[in-house]
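**Q** this is the structure alone, sequence omitted:
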């Protein structure tokens, strides 16, 4: 059944839904993806998708031996417009739901086992284990639900406390067992496990109370029952009571959740499309795929804010936070427009954070052979000042004692700490470059065993290894402070920190991998790299004319973040790591799965930040859709 569902979820990638289907999305959804595969199959026709090996493998999950399905169009699915996937994350459960449109209901029904076909025909829905399926003439909704046993246990505890009932002493050890026996949901495996554990506990108890005895005459064994104390009897009764109540609560709560999921197919009034204006706007836009996220609906994420001093205000701000994206296949590759919408207050802070001009000297340190760069330029002090300007008065006006105390502590820290000076010591003005793999000499310690003395001795050895070359360049007006520390560390640990005149070498780099890295300070520019040629030959930077001028100009105009990655040699680079178990197969499948990626923040408005991601794929592929399907197929073939 799980294999069938896995296959069907992929098939959903190539389907589309009628416009009203977005009214089946729960208003509690925190993540929604719509895929207009009516458009996608125009980019990559179904005939081409059918030829892929991983699609043929999925097709084998459908039909019987006499009627194997080999074509996506024979699934009874409507391949005409959209797919919708949405996630829920609540206290009692989390779920992933997929909405599939049907063209021929009877064909689709035959994909299920015969006994499930009968249930779906009769009831229109089926619940098995963690799977909930609802079916109408034109639509099927499948939901995979993960239950939270902690929620049911906690709810049971609260009922005990409300009624002043005594809890069993081992209440906090209940998570070691699964006490919920759920016949209603047909969890056969769980029932067997529970029965086994109960039998095991019973047998273990019997063994504990048996006393074996043999008299001097060699008579047969006899058993003598041990007297059970009143305390033990009481605890057994309390445990049984707790389990019975928890079972009842679990059954009731699960039935409510199942009813909610089954009811989605009937276009409930409280759906996301009717309650969220922004989702309606996003859903109506023309794109190959759309993503919509509302973090406030993610219970686990919001629980983290319970520990923040100004959580009440931040929760109000996050009520307006949304993320949405539009994805399109183009002849060049894949385009993604990602937008983050926040409150006006957070928008003002974002705008302040992006107000600092780029230190153009950083761009000098882009190697002419760089395969990837990332530029991060944030006005940390400006963002802090705007944050204080907005939220300090809110705290001062609060009637909440915790908020007033937070304001007092904040004001005290602000009075005694020069935040502007701190921000100048650690300013987020960073250029990161990746220059591919390079063979370098590394050292490591091995141990030689002396058979005569029975002792081990350390042996320093060197070896050649290909490692990725990374360089970090920071603009910092107080860079001289780092130079002072390096000078001191060199005196304290002369074997680990080496002064080479114009730069320092840290012999054992991060995570003790045996890879040295080098630090150079040029005026107020800090260079940290594992490529020694950078600090030996390019302390003043590289030629501006050497690197791609188009990329250079984009980086120069970047508002807060920009990244460019060239994956042209990614297959060879991964192969060089020596971690691939079948190198020939890997290179055959992935050598042409290459491209170039640009990520940039294009604008910040009153309450929105706009990011753009462009993936230019190998010219071999007709468009980004072909590239994506071929990549998925290569991953499947390699994993076989």
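**A** Arrived safely, thanks for sending. Because the structure is a prediction, the values reported are computed rather than measured.
**Q** now the strands for the stretch 301-450 of the chain?
**A** Secondary structure of the stretch 301-450 of the chain (DSSP state E, counting those that start in this stretch): strands at 322-329, 333-341, 372-377, 429-450.
**Q** need the ones you listed in a markdown table with mean neighbour count, can you?
**A** Every residue, glycine included, has its C-beta placed from N, CA and C. Below are these laid out as a markdown table (neighbours: other Cβ atoms under 10 Å):
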| stretch | mean neighbour count |
| --- | --- |
| strand 322-329 | 20 |
| strand 333-341 | 18 |
| strand 372-377 | 21 |
| strand 429-450 | 15 |
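**Q** residue 156: which of the ones you listed is closest?
**A** Ranking the strands of the stretch 301-450 of the chain by proximity to residue 156 (Cβ to Cβ) places strand 322-329 first, at 36.1 Å.
**Q** tell me the angle of that closest one relative to strand 333-341?
**A** 170 degrees (axes from the mean of the first three to the mean of the last three Cα atoms, to 10 degrees).
**Q** residues contacting strand 322-329, please?
**A** Applying Cβ atoms under 8 Å, 6 or more residues apart in numbering, the set of residues contacting strand 322-329 from outside is 40, 43, 278, 282, 285, 287-295, 334-341, 623-625, 628.
**Q** so can I have a markdown table of the strands of the stretch 301-450 of the chain showing mean pLDDT and distance to residue 385?
**A** What follows is these, written out as a markdown table (pLDDT from 0 to 100; distance: least, Cβ to Cβ, whole Å):
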| stretch | mean pLDDT | distance to residue 385 |
| --- | --- | --- |
| strand 322-329 | 96 | 26 |
| strand 333-341 | 95 | 22 |
| strand 372-377 | 92 | 17 |
| strand 429-450 | 84 | 17 |
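**Q** sec struct for residue 22, please.
**A** Under the three-state scheme (DSSP: H, G, I helix; E, B strand; the rest coil), residue 22 adopts helix.
**Q** okay but it is in contact with residue 281, surely?
**A** No: shown here, residue 22 and residue 281 do not form a contact pair, counting by Cβ atoms under 8 Å, at 11.8 Å.
**Q** which one of the two is surrounded by more residues?
**A** residue 22 (24 against 11; other Cβ atoms under 10 Å).
**Q** give the contact list for the more buried one.
**A** 34, 82, 84, 272, 273, 283.
**Q** so which of those residues sit within helices?
**A** 272, 273, 283 (DSSP state H).
**Q** tell me, how many residues neighbour residue 282?
**A** When neighbours are counted by other Cβ under 10 Å, residue 282 comes out with 21.
**Q** how close does the closest residue to it other than its chain neighbours get to residue 294?
**A** Nearest non-adjacent residue to residue 282, counting by Cβ to Cβ, 6 or more residues apart in numbering: residue 324, 4.7 Å away. Distance, residue 324 to residue 294, using Cβ to Cβ, to the nearest Å: 10 Å.
**Q** same question, residue 557
**A** For residue 557, the distance to residue 294 - Cβ to Cβ - is 32 Å.
**Q** the two: who's more crowded?
**A** Ranked by neighbour count (other Cβ under 10 Å), residue 557 and residue 294 place residue 294 first, with 22 against 10.
**Q** let me know the pLDDT of the more buried one.
**A** Per-residue pLDDT puts residue 294 at 92.
**Q** my guess is it meets residue 28, correct?
**A** No: counting by Cβ under 8 Å, residue 294 does not reach residue 28; the two are 9.3 Å apart.
**Q** residue 586 is in contact with residue 573, isn't it?
**A** No: using Cβ under 8 Å, residue 586 makes no contact with residue 573, being 11.9 Å away.
**Q** give me the distance between the closest residue to residue 495 other than its chain neighbours and residue 470.
**A** Once flanking residues are discounted, residue 495 sits nearest to residue 507: 7.0 Å by Cβ to Cβ, 6+ apart. For residue 507, the distance to residue 470 equals 17 Å [Cβ to Cβ].
**Q** what's the answer for residue 148, then?
**A** From residue 148 over to residue 470 (counting by Cβ to Cβ), the distance is 41 Å.
**Q** still on that earlier bit, redo the strands of the stretch 301-450 of the chain as TSV? Include distance to residue 234.
**A** As requested, the strands of the stretch 301-450 of the chain are exported to TSV (distance: least, Cβ to Cβ, whole Å):
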stretch	distance to residue 234
strand 322-329	54
strand 333-341	57
strand 372-377	63
strand 429-450	60
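**Q** with adjacent residues omitted, what lies nearest to residue 638?
**A** residue 589 (5.3 Å).
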